[in-house]
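*Asks:* sequence unavailable; structure follows:
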């Protein structure tokens, strides 16, 4: 291990560590623009110059590997002069836009010009001007501000895997461009504004909205997919103005998917802000007491076997558990959290968790994707697979739709027959799996949301066992969920009880009249016509599909408006925190269920969030280890029945509109129109 001296301090570093990284380990700040910890090193901004003993001139510390016996100085007059010179050149053509720039207050160029720059400018010639580029509905460009750090190009090439940006021209005629004037077709494009160190690339939906010092910042969790990305919600008053990623190496690193970042404007539209009751065929606004009394009147004399509940995709665990307890008190075992109709064995947690963990993808050497398109279902999981591909020696096989995954993949087939051939060992890809040291299987919910889902689940388990994917030190079987509320609901057992009905049984009961009352807790993907003449109670935050069919509407709080717990696809419990108060008369979901239980005469035994979370801890060990993974015991699961010949299909038909919030978002509507027009796979309908 090389040992070097920096500013008189001796340090030993790992081989391959750069001088800049060694300085950082000692707490010595070195300015930089082009260097980014997660991108390749171009060494083109020269801001990180330091002095090295016996070198004829200052060196770029980001590109110089630390060597044994090196003597580095970062605080000499030579270094200061070099940095001032570099900064002066960077500012030659930079416009004086700080008062109107959205990057103001968060700009690396501002900060470093103040700390390391020259105290005056000597350039009197006219500044150059560069034409702005069209990068779609999410990224706003002011290319005259660009300093050619190339972070954006490297991000698109390396992290996003969509090489749509590049540099053309030379010298002062060089420009960063997307070659063809069209929007950037990537689900991670919003991160471009994060990696840009100046105001050349900013968030178009946020343009001229607020200054960073005006915003209240709340650390929370994203719920628009099942990854559980760590986010920071920036709000002013009662309005959410921006959502930014928060660092979590085990989940989302420092990136965020576009839908999670930009769909926040849907929180302002089509909101349910007061209770409603359907009177003479029309929904009319009422008080909470009147809404509860209408529910009590309809439930009076109805047997528990004729009552059912379905939990939706964005529901927090506290509300799910409260509704489960309420249904149990009413004598109903008809409850399910799989509103998409997925049929998989729920007896073993190992069968419905992402067992390797998202970070565990980086250890795999062969990955088998079954009935999933992670680029749309979980963009940050897809980014991890691409990251693993860039490390080398990764083979990816796909059973399902042939799509662009942003990394090379071998298309093996489209239907369960290919999976069965793998389980038997007769498929050529079986040899690849046999030779793998850490093979991984990722099963999508689209593969089990079909009549033969239980058999497909069992087939996938047999493949995992046949190729040693499950060992004492490694569990490579993963089920990739798309709903943030699904795994938490499974953990608390929001599933059919003895003799109870699942989603299919509930809908059949509605059609036959055997189910008279249905409680939809944020369940918006249930077709209205399948509910028959049942009395529908809808609790949620948007006037979406569920509310249109409801007989009683109870307005709940969105994920930015409550303190709640969510469990991501890998079984990691995380706490979301309130950034704004619920709109109008809306309330937190568990409080609504608790208040309703009292009116119905079956009072639930908790009055505070702390009491309810103690009940959660009793329900599953997952809630006793917040932000940690609890390994699940591997036991046999799945069915052995025949499988259908129908090809696998992803459950996501439009990445930008998958839930009530994104469907209400104007920004997501623009993305759908501009980025997906004419690009849907054959047979894929628009939302």
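*Replies:* Great, that's in hand. Everything numeric here is computed off the predicted structure, so don't read it as measured data.

*Asks:* residue 459: what's it in contact with?
*Replies:* 416, 419-420, 423, 638, 643 (C-beta atoms under 8 Å, 6 or more residues apart in numbering). Just so you know, the C-beta spots here come from the backbone N, C-alpha and C atoms, and that holds for glycine as well.

*Asks:* and of those residues, the nearest to residue 440?
*Replies:* residue 419 (14.9 Å; C-beta to C-beta).

*Asks:* give the helix, strand or coil label for the closest one.
*Replies:* Assigned with DSSP: H, G, I helix; E, B strand; the rest coil, residue 419 falls in the helix class.

*Asks:* which non-adjacent residue is nearest residue 444?
*Replies:* Spatial nearest neighbour of residue 444, chain neighbours left out: residue 372 (2.6 Å); criterion: C-beta to C-beta, 6 or more residues apart in numbering.

*Asks:* my guess is that neighbour contacts residue 403. True?
*Replies:* No: taking C-beta atoms under 8 Å as the definition, residue 372 is not a contact partner of residue 403, at 10.0 Å.

*Asks:* hang on, the earlier thing: and which of the contacts of residue 459 is nearest residue 294?
*Replies:* Using C-beta to C-beta, the contacts of residue 459 come closest to residue 294 at residue 638, 42.8 Å.

*Asks:* contacts only, for that closest one.
*Replies:* Applying C-beta under 8 Å, 6+ apart, the residues near residue 638 are 344-345, 351, 454-462.

*Asks:* on that earlier part again, okay, and the common contacts of residue 372 and residue 403?
*Replies:* residue 650.

*Asks:* quick one, which of these two is more surrounded?
*Replies:* It is residue 372, of residue 372 and residue 403, that has more neighbours when counted by other C-beta atoms under 10 Å, with 29 against 16.

*Asks:* so what's the more buried one up against?
*Replies:* Contacts of residue 372 by C-beta under 8 Å, 6+ apart are 400, 442-447, 480, 650.

*Asks:* report pLDDT for it.
*Replies:* Per-residue confidence (pLDDT) for residue 372: 95.

*Asks:* what about it, distance to residue 400?
*Replies:* 7 Å (C-beta to C-beta, to the nearest Å).

*Asks:* which neighbours do those two have in common?
*Replies:* Listed as contacting both residue 372 and residue 400 by C-beta under 8 Å, 6+ apart are 444, 446-447, 650.

*Asks:* could you pull out the helices for the stretch 251-400 of the chain?
*Replies:* Here the stretch 251-400 of the chain has its helices, by DSSP state H, counting those that start in this stretch, at 258-262, 288-299, 317-330, 374-377, 379-391.

*Asks:* could you dump these to TSV with mean neighbour count and distance to residue 336?
*Replies:* Putting the helices of the stretch 251-400 of the chain into TSV (neighbours: other C-beta atoms under 10 Å; distance: least, C-beta to C-beta, whole Å) gives the following:
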stretch	mean neighbour count	distance to residue 336
helix 258-262	26	25
helix 288-299	16	19
helix 317-330	24	11
helix 374-377	25	21
helix 379-391	22	25
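
*Asks:* is it possible to export those helices to a markdown table including distance to residue 566?
*Replies:* Listed next are the helices of the stretch 251-400 of the chain as a markdown table, based on distance: least, C-beta to C-beta, whole Å:
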| stretch | distance to residue 566 |
| --- | --- |
| helix 258-262 | 13 |
| helix 288-299 | 26 |
| helix 317-330 | 7 |
| helix 374-377 | 17 |
| helix 379-391 | 15 |
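
*Asks:* ok, which of those comes nearest residue 1?
*Replies:* helix 379-391 (22.0 Å).

*Asks:* and the average pLDDT for that closest one is what?
*Replies:* Helix 379-391 comes out at a mean pLDDT of 96.

*Asks:* other SSEs contacting that helix?
*Replies:* Applying 3 or more C-beta pairs under 8 Å, 6 or more residues apart in numbering; DSSP states H and E, one finds that helix 379-391 contacts helix 374-377.

*Asks:* wouldn't residue 654 be in contact with residue 676 here?
*Replies:* Yes: counting by C-beta under 8 Å, residue 654 does reach residue 676; the two are 6.5 Å apart.

*Asks:* just put the contacts of residue 638 in JSON lines and tack on distance to residue 41, secondary structure and pLDDT.
*Replies:* Output for those, formatted as JSON lines (distance: C-beta to C-beta, whole Å; DSSP: H, G, I helix; E, B strand; the rest coil; pLDDT from 0 to 100):
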{"residue": "344", "distance to residue 41": "45", "secondary structure": "coil", "pLDDT": "94"}
{"residue": "345", "distance to residue 41": "48", "secondary structure": "coil", "pLDDT": "93"}
{"residue": "351", "distance to residue 41": "43", "secondary structure": "helix", "pLDDT": "94"}
{"residue": "454", "distance to residue 41": "50", "secondary structure": "helix", "pLDDT": "95"}
{"residue": "455", "distance to residue 41": "50", "secondary structure": "helix", "pLDDT": "95"}
{"residue": "456", "distance to residue 41": "45", "secondary structure": "helix", "pLDDT": "95"}
{"residue": "457", "distance to residue 41": "45", "secondary structure": "helix", "pLDDT": "96"}
{"residue": "458", "distance to residue 41": "48", "secondary structure": "helix", "pLDDT": "95"}
{"residue": "459", "distance to residue 41": "45", "secondary structure": "helix", "pLDDT": "95"}
{"residue": "460", "distance to residue 41": "40", "secondary structure": "helix", "pLDDT": "95"}
{"residue": "461", "distance to residue 41": "43", "secondary structure": "helix", "pLDDT": "95"}
{"residue": "462", "distance to residue 41": "45", "secondary structure": "helix", "pLDDT": "95"}
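
*Asks:* wasn't residue 668 part of a helix?
*Replies:* Yes: Residue 668 forms part of a helix when assessed by three-state DSSP.

*Asks:* give me the number of neighbouring residues for it.
*Replies:* Around residue 668 there are 28 residues (other C-beta under 10 Å).
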